[in-house]
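Undergrad: I need the structure of the sequence given here:
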Amino acid sequence: MNHSFSAVMRDPVFAPRMESCRNATIPSSVARCRETGRVDCFRLDWKPGMPNQPHRFFDSDFAKVLEGMAYMVELHPEDKALAEELDRFVDLVISAQQPDGYLNTYYTCVEPENRWKHLFESHELYCAGHLMEAAVAHFHATGNRKFVDALARYADYIGSVFGPAPGQKQGYPGHEELELALCKLADATGEKKYAELAKFFIDRRGTSPNYFEEEAKRNGSSLSREQLANRQAARPVREEQDAVGHSVRALYLYSGMADVAAATQDKELFAVCERMFDSIAQKRMYITGGCGSTPIQEQFTVDWNLPNDTSYAESCATMALVLFSRRMLEYTGRGKFADVMEQALYNGALSGISLHGDQYFYANLHEVDANTFVHNTTCAERQPWFDCSCCPTSYCRFLPQLGNFTFTTRQGEFRLDIPAAGLYRFSEGELEIGGQYPYDGLIPITIRRGGSFRLALRIPGWCRAFQLRLNGALVDATPEEGYLQLEREWSSGDRLELALEMPVEVVRAHWRVTSDAGRIALMRGPVVYALESVDNGDRIPRLILPARQEFKLEEAPGLPAGTVAIRGRAFEESDCSGGALYYRGEPERKETEFLAVPYALWQNRGPAHMAVWMRGE
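TA: Numbering: from 1, shown residues only. Below you'll find the model as predicted:
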C-alpha cells in the first residue's frame, strides 16, 4: 500500500470532508471515547461495580480514532497540540501492554481467565488488528517506533500462540481485520513473518476440523452452518464462490486476502479475491456502493436481494469496500476496481456522516418515509453516536485518507484514478489538478514539476465520450483497462485538459432486483441522486418520472456552494383511496417538477423523506 500522503486536496467534496474530520469528527469522537470509558480502560484500573465496564470492542474503537489522529498529524505537521495529544494517548495504550506482549483491556481487566477462549464472538484478534493499524499510521506520521515496536511485540506473542506448529492454536479471528493489519505491520517493519501469520489465518479459516465448532463444543454450545457462514468460516476461503456473511467482516477478510496474495504472489488466492469482488459488484451491491442488504446479522444475503426501505448498507461496510477495491486497483491497475471504489466513495461512504462531521448513519437506507421501520442502528436521521460505535470511529481514520484514494503510483508511473482537484507530488514529478469534479467533467492538469514518467488517466466506466488535449493539441489515444497512457519527458508548464462527458443518465436495475422493478434512478458522473422531501414535499411516493426528458442542472439549495442538483418533469398521482388500505379506481395525474440532490448529502437540511429509486415511465 502507498503510505505517502502526497495529495493536497482542493476539490469540492473530499477537501471539506477532510477538514470537518479534523475540526469535528476526531475531536467529538475523542470526547465520546473519554465519556464512555474507551480511553480510561487502558489505565487497567476498572473493577466490578464501577461504571463504563470495558467492552470487547472498546480497544478497536479508540484505536481507529488514534489511527485517524496519526493521519491528521501527517497531513498537518504544524498542529503541535494534536501531535502532543496523540503522543499522550499512545503512551497510555502502551502502558496497558502485559509482560508477555498481550494488549487487550477487556480480557486483562474483565475476563482474564478467558483469553483466546471465545474467538468466534470475542473481537480479541480484531482489536489487535486495529491497534496494529494505528501503530503503523503513527510510525509513518512521526517516525517514532515506540508504538509500532509495542504492537510488533504483540504480533510476536500472537504468532507464538497461533500457528501450524504442534501445541499452537489453529484458530483465526471471529471478526476479521487482523489479516490486513499484519500485512501493514510487515511492510512497516520489514518482517515477512507477520504476512506469513496473516496467510496462516486465511488458509486455516473454515477448514476441517472447524475451529469455531470445536471451540463451541469446549464452551458447552454449538454453531449452525448459517452462523459459520456469517463469519466466512463454513468452508475454506479458497472454495467460496460468492461474498457471504457479515459484510464488514467479509470485506476486511477480502482486503487481507488481497494483501497476502500480493505479498506472496499467490495467483489462486488473488483469483478468489476477484471472484468475491465480482460477486459483490455484479449481484450484491447497492447502486451507492452499499453492502449488506439486511440488519439480520448485518450480512450479504443472496443475489439480487437489495431492498430499499430496509437496506442495511452499513457505513463501515461501504468504507471497507473502498479499501478492498483500492487494493485490487493497486495490484492490477484495472479500471473496473476504480469504478466501484469511486461509486462507493462519492455515494454510500459519505452518506453515513453529516457535512459538519459529527452526526452518523450506521445503516444507510435508500428509501425513507413516514412508514419507515426504525430500530436499533437503523435510523431516519443521523445520530451523534452509537453504543456500537464502529462507524463513527471508522470515519476518524477513513476521511483523512480520501486523498490517497485518488491516485496510485508505481515506478516511473503516476495513475490518476479519481480526478479530484488538488496538488499531487510524487518522486518523478508534481501535478496540479483543477476543476470541480465530480460536479463537472472538465479537468485541467498542469505539470508543476516535469520529468520522465508515464501518466495514466482513468476514463471512468460511466463515461460515454471524452476528449484529451495536450498543450492545446488533441490527443488520439484509446483507453486500456480503463486508462489512457501517456509516456514522455514532461516539461514544467505542460498542460492537459481532460473533458469527460457528464450528462444526467437514467439507470435501471436488473429485472431480478424486484425491489427496483419499474423504477429508475438518476446518476450524473459517479454521483447517485435522490429525491428529498425538503425539495419535493411529502409527495415523493406519488411521483412518476419520465425517463425520456431533458434534465436541467442548478445549484442545490441549502447545500455547499457548487453542489449540483437535477431538476426535471414528473407526474404526480392523486390520492383517490379515500383512506382505504386497498381501493379500486384510477388515480389522476398532473404534471409537476422534481428536484434531486446527491444521495450522499441527504438529511443535511433537517429531517426528511427520501428515495433513490423512483417509479418511471
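
Undergrad: Now L431. Nearest residue, chain neighbours left out?
TA: When the adjacent residues along the chain are set aside, L431 lies closest to Y424, with 4.5 Å between them (Cβ to Cβ, 6 or more residues apart in numbering). Where you see a C-beta, it was placed from the backbone N, CA and C, and this is true even at glycine.

Undergrad: tell me which element that neighbour is part of?
TA: Secondary structure assignment for Y424, by DSSP states H and E: strand 422-426.

Undergrad: show me what contacts the residue nearest to L431?
TA: S6, A7, V8, T406, F407, F414, L416, E430, L431, E432, I433 (Cβ atoms under 8 Å, 6 or more residues apart in numbering).

Undergrad: The residue most central in space within the chain in helix, strand or coil?
TA: Geometric centre of the chain, nearest residue: M319, 0.8 Å, by Cα atoms, centre = their mean. Following DSSP: H, G, I helix; E, B strand; the rest coil, M319 is assigned to helix.

Undergrad: quick one, phi/psi of the closest residue to it other than its chain neighbours?
TA: Among residues not flanking M319 along the chain, F398 sits closest, at 4.9 Å (Cβ to Cβ, 6+ apart). When quoted as degrees, to the nearest 10, the phi and psi of F398 stand at phi -80, psi -50.

Undergrad: Verify the contact between F398 and A320 for me.
TA: No. Under the criterion of Cβ atoms under 8 Å, F398 makes no contact with A320, lying 9.5 Å away.

Undergrad: who has more neighbours, the two?
TA: F398 (30 against 27; other Cβ atoms under 10 Å).

Undergrad: where's the more buried one relative to P236, distance?
TA: In this view, F398 and P236 are 30 Å apart by Cβ to Cβ, to the nearest Å.

Undergrad: Just name the closest of the contacts of Y424 to E298, please.
TA: Distance to E298, by Cβ to Cβ, is smallest for T406 among the contacts of Y424, at 29.1 Å.

Undergrad: quick one: the closest one from I447, how far?
TA: 17 Å.

Undergrad: A320 now?
TA: 35 Å.

Undergrad: related to what we said a few turns ago, show the contacting residues for the residue nearest to M319.
TA: Here F398 is in contact with G68, M319, V322, A349 (Cβ under 8 Å, 6+ apart).

Undergrad: can I assume the second one is in contact with S394?
TA: Yes. M319 is in contact with S394 according to Cβ under 8 Å; the separation is 5.6 Å.

Undergrad: Could I get the full set of strands for the stretch 1-150 of the chain?
TA: 7-9 (DSSP state E, counting those that start in this stretch).

Undergrad: if we can go back for a sec, which parts of the strand holding Y424 are buried?
TA: Across strand 422-426, burial judged by 16 or more other Cβ atoms under 10 Å covers G422, L423, Y424, F426.

Undergrad: Show me what the strand or helix carrying I202 is packed against.
TA: Element membership for I202 (DSSP H and E) is helix 192-204. Contacts defined by 3 or more Cβ pairs under 8 Å, 6 or more residues apart in numbering; DSSP states H and E place helix 192-204 against helix 146-161, helix 178-189, helix 247-264.

Undergrad: quick check: angle from the longest one to helix 192-204?
TA: What that stands for is helix 247-264. For helix 247-264 against helix 192-204, the angle by axes from the mean of the first three to the mean of the last three Cα atoms, to 10 degrees is 130 degrees.

Undergrad: helices or strands up against helix 247-264?
TA: helix 178-189, helix 192-204, helix 267-283, helix 315-332.

Undergrad: mean confidence for stretch 49-66?
TA: Over the span of stretch 49-66, the pLDDT mean works out to 96.

Undergrad: okay but T294 is in contact with A313, surely?
TA: No. At 10.1 Å, T294 does not count as touching A313 under the criterion of Cβ under 8 Å.

Undergrad: now do the same end-to-end measure for stretch 392-405.
TA: Terminal residues of stretch 392-405 are spaced 20 Å apart (Cα to Cα, to the nearest Å).

Undergrad: Reformat the helices and strands packed on helix 192-204 as a markdown table; add distance to E298.
TA: Formatted as a markdown table, the helices and strands packed on helix 192-204 follow (distance: least, Cβ to Cβ, whole Å):
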| stretch | distance to E298 |
| --- | --- |
| helix 146-161 | 26 |
| helix 178-189 | 19 |
| helix 247-264 | 6 |
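
Undergrad: Please compute how far stretch 422-440 lies from its chain's middle.
TA: 22 Å (Cα atoms, centre = their mean, to the nearest Å).

Undergrad: With stretch 160-177 instead?
TA: On the basis of Cα atoms, centre = their mean, stretch 160-177 sits 27 Å off its chain's mean C-alpha point.

Undergrad: Span of that stretch from start to end?
TA: Taking Cα to Cα as the criterion, the two ends of stretch 160-177 lie 19 Å apart.

Undergrad: thinking again about what came up before, who has more neighbours out of T406 and I447?
TA: Set T406 next to I447 and count neighbours by other Cβ under 10 Å: T406 wins out with 26 against 19.

Undergrad: Let me know how buried I94 is, in neighbour terms.
TA: Applying other Cβ under 10 Å, I find that I94 has 17 neighbouring residues.

Undergrad: so what's the closest residue to it other than its chain neighbours up against?
TA: In this structure, I94 finds its nearest non-sequential neighbour in A150, 4.8 Å apart by Cβ to Cβ, 6+ apart. Counting by Cβ under 8 Å, 6+ apart, A150 touches V93, I94, Q97, L103, A135.

Undergrad: list the contacts for D61?
TA: Applying Cβ under 8 Å, 6+ apart, the residues contacting D61 are C33, R38, S389, C390, T393.

Undergrad: can you redo the helices and strands packed on helix 192-204 as JSON lines with mean pLDDT and distance to W304?
TA: Formatted as JSON lines, the helices and strands packed on helix 192-204 follow (pLDDT from 0 to 100; distance: least, Cβ to Cβ, whole Å):
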{"stretch": "helix 146-161", "mean pLDDT": "98", "distance to W304": "40"}
{"stretch": "helix 178-189", "mean pLDDT": "98", "distance to W304": "29"}
{"stretch": "helix 247-264", "mean pLDDT": "98", "distance to W304": "16"}
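
Undergrad: Of these, which is nearest R205?
TA: helix 247-264 (7.8 Å).

Undergrad: tilt between that closest one and helix 178-189?
TA: 40 degrees.

Undergrad: just to revisit the earlier point, select, from the contacts of A150, the two members most distant in space.
TA: Top of the distance list for the contacts of A150 (Cβ to Cβ): Q97 and A135, 11.3 Å.

Undergrad: Compare neighbour counts for these two and give me the winner.
TA: Between Q97 and A135, counted using other Cβ under 10 Å, the more crowded position is A135 (31 against 19).

Undergrad: Quick check, the more buried one in contact with N144.
TA: No. The criterion here is Cβ under 8 Å, and A135 misses it with N144 at 10.2 Å.

Undergrad: and stretch 199-208, how far apart are its ends?
TA: This stretch, stretch 199-208, spans 17 Å end to end (Cα to Cα).

Undergrad: Give me the mean pLDDT for it.
TA: On average, stretch 199-208 scores 98.

Undergrad: With stretch 296-305 instead?
TA: Mean predicted confidence for stretch 296-305 is 95.

Undergrad: How about the contacts made by W462?
TA: D339, E505, M523, G525, P526 are the contacts of W462 under Cβ under 8 Å, 6+ apart.

Undergrad: Pick the one among the residues you listed closest to G482.
TA: Closest to G482, out of all of the contacts of W462 and judged by Cβ to Cβ, is D339, at 7.3 Å.

Undergrad: Can you read off the pLDDT for the closest one?
TA: For D339, pLDDT reads 98.

Undergrad: ok, the nearest residue to it once chain neighbours are set aside - how many residues close by?
TA: Distance criterion Cβ to Cβ, 6+ apart; nearest residue to D339, sequence neighbours excluded, is G461 at 4.2 Å. G461: 14 surrounding residues under other Cβ under 10 Å.

Undergrad: was I right about G461 contacting V340?
TA: No. Counting by Cβ under 8 Å, G461 does not reach V340; the two are 9.0 Å apart.
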